[in-house]
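J.: Give me a model of this one.
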Amino acid sequence: MARSLVRSTLAALALVLAACGGESPLSSTLHLEITPDREAYTAGSTATLTIRNLGASEVSYSLCGHEIQRQTPTGWVAAVPGNGGCALVIFTLAPGASVTAETPLPASLPAGTYRVYLPGFVYSRPDEVSLDLQTRKSSRPFQVTAP
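T.: As a prediction, this is how the structure comes out:
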């Protein structure tokens with residue numbers, strides 16, 4: 001019981017840190033598939049993402065703080081920063097389960113290649129370390145065209 005309470009408390013703390021933009025050691029070996037429903041969108045439309053837990057363990061998550069990133073020659077950069085003003089609500093996603101989420105794409109986005117970064121996913125194995133958490137928490141790239 002006490003061990004479960006400690007893990008729950010650590011997972012909640014990690015989610016708060018992740019939603020604030022920090023990475024957590026609890027986010028390790030996260031195995032998500034984050035797929036947009038289309039390969040291309042028009043600026044001003046809404047992207048629907050399916051998030052599937054391909055790992056063997058349950059993950060905790062919040063969709064608070066997601067950001068839209070644009071691909072540049074030097075890497076991914078924030079095109080639409082995370083929405084830090086949302087209420088932090090923590091959910092769980094069982095192994096093999098999926099959830100959908102929508103994110104509006106502002107009409108002001110220039111044409112290009114984008115992805116959605118979801119920092120609020122936390123894996124509950126503190127004994128493992130991942131070097132590519134941002135990639136693991138990001139959707140597959142998609143195109144945005146001018147309206």
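J.: Now do residue 88: how many residues are near it, please.
T.: Counted with other Cβ atoms under 10 Å, the neighbours of residue 88 add up to 15. The way it works is simple: take the backbone N, C-alpha and C, and place the C-beta from them, glycine included.
J.: Please look at it and residue 63 and confirm they touch.
T.: No. Using Cβ atoms under 8 Å, residue 88 is not in contact with residue 63; the gap is 9.9 Å.
J.: Output the below-cut-off pLDDT ranges for the chain.
T.: Applying pLDDT under 70 to the chain flags residues 1-29, 83-85, 122-134.
J.: Mind jotting down where the helices sit in it?
T.: All helices of the chain, identified by DSSP state H, fall at 2-19, 133-136.
J.: list the buried ones in stretch 138-147?
T.: For stretch 138-147, burial by neighbour count (16 or more other Cβ atoms under 10 Å) applies to 138-139, 141-142, 144.
J.: which ones among those residues are found in strands?
T.: 142, 144 (DSSP state E).
J.: Mind putting the buried residues of stretch 138-147 into a markdown table with distance to residue 51?
T.: Below are those laid out as a markdown table (distance: Cβ to Cβ, whole Å):
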| residue | distance to residue 51 |
| --- | --- |
| 138 | 11 |
| 139 | 8 |
| 141 | 16 |
| 142 | 15 |
| 144 | 20 |
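J.: Which one of the buried residues of stretch 138-147 is nearest to residue 93?
T.: Comparing these against residue 93 with Cβ to Cβ places residue 139 closest, at 15.3 Å.
J.: what about that closest one, distance to residue 87?
T.: 23 Å (Cβ to Cβ, to the nearest Å).
J.: do residue 140 as well
T.: Distance of residue 140 to residue 87, given as Cβ to Cβ: 28 Å.
J.: What of residue 118?
T.: From residue 118 across to residue 87, the span is 16 Å (Cβ to Cβ).
J.: the more surrounded of the two?
T.: Higher neighbour count among residue 118 and residue 87: residue 118, with 26 against 6, using other Cβ under 10 Å.
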